[in-house]
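Colleague: model this:
(chains A, B and C)
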Amino acid sequence: MKPPVFEFAAPDSLEHCLDLLERYGDEAKPIAGGQSLMPLLNLRMAAPAVVIDIARVPDFHALRIEDRTVRVGPMVRQRVMETNTDLRARVPLLAEAVGLIGHVATRSRGTIVGSMCHADPAAELPVCATLLGAEFAVASKGGTRTIDADSFFLDALMTTLEPEEIVTGVHLPTAMPGVGYAFDEVSRRRGDFALVAVAAAVGLSDDGLVTSADIAIGGASGRPERFPLTETALSGRRIEEAPLREIAREVCDRLEPESDLHASADYRRRISEELMTRVLADAASRARKDLTREHAL
Amino acid sequence: MGQFGKRQVRAEDDRLITGRGCYIDDITLPNMAHIVVVRSQAAHARITVDTSDARALDGVIAVFTAEDLPEAARILPDCHPNPALTNPRGPSVLANGLVRYVGEPIAAIVAENRYIAEDAAELVQVDYETEAAVIDLEKALTKQSARVHEDLPSNLAALINIATGNADSAFAKAHCVVKERLEIQRGAGQAMETRGVVAHWNRFEDRMVVWNVSQVPYVHRTAIANALGLPERQVQVQNPDVGGGFGYKGLTYTEDILVPVVARQLDRPVKWIEDRREHLIASYHERTQIHELEMATTEDGTILGIRGRFYHDTGAYTPWGPVVPLLTAVNIPGPYRVPNYAVQCDIVYTNTTPVAPVRGAGRPQACYVTERLLDRVGKELGIDPAALRKRNLITAEEYPYDVGFISRDGTRRTYDSGNVPALLDRALEILDYDNTLADCAKLRTEGRYRGIGIACCVEDTGLGPFEEVGMSIEADGSVTVRMGTPSQGQGQKTSFAQVAADILGVPFDKVKVLTGNTDLVRYSIGTFASRAGVVTGSAVSIAANQLKERACAIGAVLLQTSPEELDLKDGKVVLKADETRSIDLAQIVHTSLGESGNPLPLPDFGPGMSTTASFSPPTNTFATGCHAALVEVDPATCKVEILRYIAVEDFGNLINPLIVDGQVIGGVSLGVGNTFFEKAVYDSEGQILTGTFMDYLVATSMDVPRVEIDHLSTPSPLNPLGMKGAGQGGTIPVPAVISSAVENALEPFGVHLCAVPFSESDLFQNLRNDDSKSTRKSA
Amino acid sequence: MNTPSKRTQISITVNGKTYSRDVEARRTLADFLREDLGLTGTHIGCEHGACGACTVTVDGMLARSCLTLASQMDGCEIRTVEGLSGPNGLHPIQAAFKEHHALQCGYCTPGFLVTAAAMLEETQDPTEGQVRDWLSGNICRCTGYQFIVDAVLSAAETMRSETEERDAS
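Modeller: This next block holds a predicted model:
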């Protein structure tokens, strides 16, 4: 289990990085934390001609916390999401999800953007990006563009990124006042890919009625799927009075997950339902706490 | 001094915690070449192999296929022959025109380094003309089934029948008969260190020197000598630090022969290190069995008999004979009185990786089926599971207990000593059984589902025929113990030093135990079947007593007294009546060795303080255990949490309870894996789907509960130290215990568990199926 | 290194000593440590990041050395199990492993030690749950983890009292 022969480059600027991508196209593979690519290389399931280490591009390490947006460079490690308290407060959904990704050692190398670009349908971060409507800043020799999460994730391990492009950052909207977020999953063991992962965002009015609700589900199809629930029976009700189970069942009946070694399709569908019920309630309860805190201020 | 029974920290650890261990892959020799094995990608196929591209690659030294091997090195020997196996088939060292499982070795690349060797392996062209693969264990026995071995009339490797009493007449008059179909699926040992071999020809001594990770180096010495056409003295097998054994490293694999053959032919040191993918695919598996068994009881739950049939999947070959299913067949009665017993086992070939014993070795299956049947009886008759077990357990007074049939080793199966009812009582006491039952009932009304499981087991341990030990008191008064059973992490350098230290009256750290080198003692059987502690440990005590006698005899001359007046203490021979009159052991050694050029000062005794001893147990001894668990299940997600796990063991006398506790907890850990996670999966074409640790799951620190351990000892009468083996007892009852607890927790849903491992998804499916079928009236 | 090449010139500091080497671009950090530097305390268990035996720290952060290319490590500081003990003897976690019988075959042990040491640098007073979570990426087939967890909790206590003693003096 040794990697096949390849050439290695570690460009020291975005410019050089883009030159290499332009020149080698789909023959090249960028490596950030390497936690997804290295196993594929060691198993010889990937055989790029060139591996481009993007860690030497200084800008790629940038993490900018702004008022409405957190801008995460492609070399920001997942572990930062665990240890940076300011960041955790701004994007509580990712803060909750990140501890479920792999293990401390893999999170210490693995990057936030890298996991999103790998686009494993059962991975936690793409589900979060999908729920939050994150935007991917993308660059190539031809220029830059922005892709929203919904268009970014195409199918299992596939994104709309072109071979000569690289993600220069993901922009995550910060938590909005009066909105609560929750993430939960079932996996075989701690750190394994989720069998199903569900993220929720629920907004409440000052008097505690649901004003917005969204969920995203990972592991139940080739890519994370987002389901807006604002137009459902949730709206305008207190969460404890809302028919959460029915709403969840209606959404999950539409899922077409696959069976694999680890779980049946039926299990995935029904667990989605259970998790969805739980995260909606959790998100609403957090929104309520958020409102109470605001009022207290 | 009291070393025996002390929780002594290990002599092994200082090197291992500082990164100074020496494992097989840490051995590097000048000019060493590296081997990568090309393995079959088809389950059953005729093959043609073209290695020309691989040979042409820069850095490739040679490529071996079947025809490059000497005649004697083409088929692996059966290292544990057994007459019960009527149709044995051994694997080829390298496949000769036909492959019978995915992962079967086809060719060996020899290159300057592993990277290049893997590059070359990709260039070997294998054309597969596929044949129908036999994968399903039950279909394999049908008339229409393809055959794994065309020269055999069917896929049946052997039939085993074990019986006592008259089962059919017992069933005819039974009040209660329960029948179950119980499945245990394929798992594997998966030690953290994979296999590996380093070999080179020692030109000075004119012999083959091999390092490997074997549990049975003397078996390998014979096999390698035969393959190379050498007398055994021209082969030396050494075991460095070995990263776990678990049974399946206790037999000869392809590479154990292949690597020395390549080293001899190229006259160059060569190394082969298996990678994890190979280890998952091609290192031997265990556990697949399907059981269709019945239990008959009286109205009060007294077992009248067990009968039925089970099917054992041996994979494509029979490298360790029929030992796994045989162990199931003889262990099903367990610690219970089963007066009438008739079980047949069909050992079946399939196009899958061959089977070798993995920690537990057929016994987890036996315990599982018996305990599942007992649970069924308890339900039918409305008897509390603990009471039902107690009613049927062999009582302390009944030992030695004649089970009624012949054991694995050909002797009449007789439990030497035990008191399992006491183990059960102790487990219930630790669990606080009655109060815990009441808690479970109360929580159930609150919608929380907790359950209790209990299982008892026996394990045949410490089997023969012998182990040999050499022992010397050195000129500095320290002690050297030489033995043949190698270590895979069991702490033998500690335990056996404790045994010798007590008898020789020297401090623990003055005893150095050497193992892992076939030059140390002439013959040995090996470390497996929970036997090294019992058999080698006994030999150590015999050797130490011989040296003690000799030291006292020489001491008596020097102190001008009689040997009976002397004892060994603090590194000295002392006069019991007056300990100020003593002589250092070092001085005794000096005196007995004499001075260069002069006559021996004590010619009656001969020179030095060395001896050899062996121990041969009359038959194996039986360890017993009772485990209990408290679990909680979330019926929505079907996640199971093990809240408490209790293991009460009877391993006879314990040399080192710290090490024994480690064995128990480690054993439970594998059992937890066997219950929830560990499953090697094949598709219908025979492709193995569990080729990485992302697919083949083992228990982590989050999954293994804290184990509450207690020991109650009934010393074995079969060896001088009163010991029983402790290597597998932790593993055996776990799937039975947890299955029982989970079923108990989900009783309101009518869940019926009859297969391990089960995932949350399996449990969910089971719960839903039973839910929909349930005749239970909804509230 | 803007131009792709099959070989890389790297300078790496391992356990305080700096090494300059020319390596094949595809060489893993695990193989570099073990074969090129002879630091065989780092063990290879799975080569796909799922067992933790090869865990080291890179610039103070845990890393699987099988999932890291030596080429990526130019200018980095690595600590392996060989670098845990200092001039004053064993690291408290090493001593605790011995005391609590937290190892049997010892093969996974270096990865556990490095992981636990990194944890104790960050978390002085961990709960059993935190310890189990931190260790969940390291597989041990011998011990069932219990004595490892006990050892880590005990080492944490030792290190806390050492800190208190230092602060007091």
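Colleague: do a quick rundown of the strands in chain C.
Modeller: C:7-14, C:17-24, C:55-58, C:61-64, C:77-79 (DSSP state E).
Colleague: of all of chain C, which residue lies closest to chain A?
Modeller: Closest contact between chain C and chain A, by C-beta to the nearest C-beta, is at C:G137 (2.6 Å). C-beta coordinates here come from the backbone N, C-alpha and C atoms, glycine included.
Colleague: quick one: pLDDT of that residue?
Modeller: pLDDT for C:G137: 97.
Colleague: before we move on, what about the one 4 residues further on?
Modeller: The score at C:R141 is 98. That number is its pLDDT.
Colleague: wait, it touches B:G244, no?
Modeller: Yes - with contacts counted by C-beta atoms under 8 Å, C:R141 reaches B:G244, the gap being 5.2 Å.
Colleague: of those two, which one has the most company?
Modeller: C:R141 (28 against 25; other C-beta atoms under 10 Å in any protein chain shown).
Colleague: coming back round to it: in a markdown table: the strands of chain C, plus distance to chain A and mean neighbour count.
Modeller: Listed next are those as a markdown table, based on distance: least, C-beta to the nearest C-beta, whole Å; neighbours: other C-beta atoms under 10 Å in any protein chain shown:
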| stretch | distance to chain A | mean neighbour count |
| --- | --- | --- |
| strand C:7-14 | 6 | 18 |
| strand C:17-24 | 8 | 13 |
| strand C:55-58 | 5 | 26 |
| strand C:61-64 | 4 | 26 |
| strand C:77-79 | 13 | 20 |
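Colleague: domain parsing for chain B?
Modeller: B:13-21+B:32-131+B:195-273, B:285-389+B:396-463+B:618-773, B:467-615 (automatic domain parsing).
Colleague: the shortest one and chain C in contact?
Modeller: Yes - contact of domain B:467-615 with chain C is found when judged by C-beta under 8 Å from any C-beta of the partner chain, involving B:488-491.
Colleague: overlap in contacts of C:R141 and B:G244?
Modeller: Listed as contacting both C:R141 and B:G244 by C-beta atoms under 8 Å, 6 or more residues apart in numbering or on different chains are B:189, B:191-192, C:105.
Colleague: for chain C, what's its nearest residue on chain B.
Modeller: Closest point on chain B to chain C, by C-beta to the nearest C-beta, is B:G19, at 2.0 Å.
Colleague: and the nearest residue to that residue once chain neighbours are set aside, what does it touch?
Modeller: Spatially, and ignoring its direct neighbours in sequence, B:G19 is nearest to C:G41 (2.0 Å; C-beta to C-beta, 6 or more residues apart in numbering or on different chains). Residues in contact with C:G41 (C-beta under 8 Å, 6+ apart) are B:18-21, C:80-82, C:110.
Colleague: ok, 10 Å please
Modeller: By C-beta atoms under 10 Å, 6 or more residues apart in numbering or on different chains, C:G41 lies in contact with B:15-21, B:26, C:15, C:33-34, C:56, C:80-84, C:109-111, C:113-114.
Colleague: do the same with B:A84
Modeller: B:157-161, B:321-323, B:325-326, B:329, B:345, B:347, B:408.
Colleague: from B:V323, how far off is it?
Modeller: 9 Å (C-beta to C-beta, to the nearest Å).
Colleague: common neighbours of these two, please.
Modeller: By C-beta under 10 Å, 6+ apart, the residues touching both B:A84 and B:V323 are B:R408.
Colleague: what about the residue of the stretch 1-150 of chain A found nearest chain C, how many residues nearby?
Modeller: Closest contact between the stretch 1-150 of chain A and chain C, by C-beta to the nearest C-beta, is at A:H103 (2.6 Å). The tally of other residues near A:H103 (other C-beta under 10 Å) stands at 25.
Colleague: number of nearby residues for the closest residue to it other than its chain neighbours?
Modeller: Nearest in space to A:H103, with sequence neighbours left out and distances taken as C-beta to C-beta, 6+ apart, is C:G137 at 2.6 Å. For C:G137, the neighbour count with other C-beta under 10 Å is 25.
Colleague: do the same with B:Y682
Modeller: B:Y682: 22 neighbours (other C-beta under 10 Å).
Colleague: wait, it sits on B:G691?
Modeller: No - using C-beta atoms under 10 Å, B:Y682 is not in contact with B:G691, being 11.1 Å away.
Colleague: report the contact partners of A:V72.
Modeller: Shown in contact with A:V72 (C-beta under 10 Å, 6+ apart): A:62-65, A:80-81, A:87, A:91, A:94, A:111-113, A:116, A:134, A:137, A:167, A:169-172.
Colleague: follow-up on the earlier one: any of the contacts of C:G41 buried? List them.
Modeller: Burial by neighbour count, judged by 16 or more other C-beta atoms under 10 Å in any protein chain shown, picks out B:16-19, B:21, B:26, C:15, C:33-34, C:56, C:80-84, C:109-111, C:113-114 from the contacts of C:G41.
Colleague: for residue 159, list each beta-bridge partner.
Modeller: Here I'm looking at chain A. In this entry, A:T159 is beta-bridged to A:F153, by DSSP bridges.
Colleague: ah, no, chain B please
Modeller: Going by DSSP bridges, B:L159 forms beta bridges with B:D346.
Colleague: contacting residues around it?
Modeller: So B:L159 contacts B:84, B:86-87, B:309, B:322, B:344-347 (C-beta under 10 Å, 6+ apart).
Colleague: hmm, back to that, most surrounded residue in the shared contacts of C:R141 and B:G244?
Modeller: Neighbour count (other C-beta under 10 Å) singles out C:C105 as the most crowded of those, with 29 neighbours.
Colleague: show me the contacts for that one.
Modeller: B:12, B:16, B:21, B:23, B:191-193, B:241-246, B:487-491, B:666, C:140-143.
Colleague: the closest residue in space to it that isn't next to it in sequence and chain A: what is the separation?
Modeller: Distances taken as C-beta to C-beta, 6+ apart place B:G489 nearest to C:C105, at 2.9 Å, with adjacent residues excluded. Using C-beta to the nearest C-beta, to the nearest Å, B:G489 is found at 23 Å from chain A.
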